[in-house]
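Trainee: Provided below are the primary sequence and the corresponding predicted coordinates.
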Amino acid sequence: MRKGLERLRQFYIKKLLESGRSDSSDHELHSLTFNELESLYKKIISPTKS
């Protein structure tokens, strides 16, 4: 399970960096928790439509 979470963390970091829409650097993103990355990803990459 730990490997799966780490892969998903790396996916979020990669997508956030590729998007160019995050103000965070590579180092800053790596210091975030899984939940923080997931929230940032959802907010920036796939925002919910209201």
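Mentor: Perfect, I can see it now.

Trainee: got the contact list for the helix or strand of the chain with the lowest mean pLDDT?
Mentor: Least confident helix or strand, the chain: helix 26-30 with a mean of 91, by mean pLDDT, DSSP states H and E. For helix 26-30, contacts defined as CB atoms under 8 Å, 6 or more residues apart in numbering pick out 12-13, 16-17, 22, 37. Backbone N, C-alpha and C define where each C-beta goes, glycine included.

Trainee: Pull out the buried residues from these.
Mentor: The neighbour count (16 or more other CB atoms under 10 Å) marks 12-13, 16, 22, 37 as buried among these.

Trainee: quick one: which of those sit in helices?
Mentor: Judged by DSSP state H, the buried ones among the contacts of helix 26-30 include 12-13, 16, 37 as members of helices.

Trainee: Identify the farthest-apart pair in the residues you listed.
Mentor: Leu16 and Leu37 (7.5 Å; CB to CB).

Trainee: just to revisit the earlier point, may I have the least confident helix or strand of the chain as CSV, with CA atoms only?
Mentor: Extracted C-alpha coordinates of helix 26-30, given in CSV (Å, rounded to 0.1, in the frame of the first residue of the first chain):
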residue,chain,number,x,y,z
ASP,A,26,9.7,20.9,-7.0
HIS,A,27,11.2,20.9,-3.5
GLU,A,28,8.1,22.5,-1.9
LEU,A,29,5.8,19.9,-3.5
HIS,A,30,8.0,17.0,-2.3
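
Trainee: and the helix or strand encompassing Arg9, what's its mean pLDDT?
Mentor: Per DSSP states H and E, Arg9 falls inside helix 2-19. Averaged over helix 2-19, pLDDT sits at 93.

Trainee: Can you spell out which helices and strands pack onto that helix?
Mentor: Applying 3 or more CB pairs under 8 Å, 6 or more residues apart in numbering; DSSP states H and E, we find helix 2-19 packed against helix 26-30, helix 34-44.
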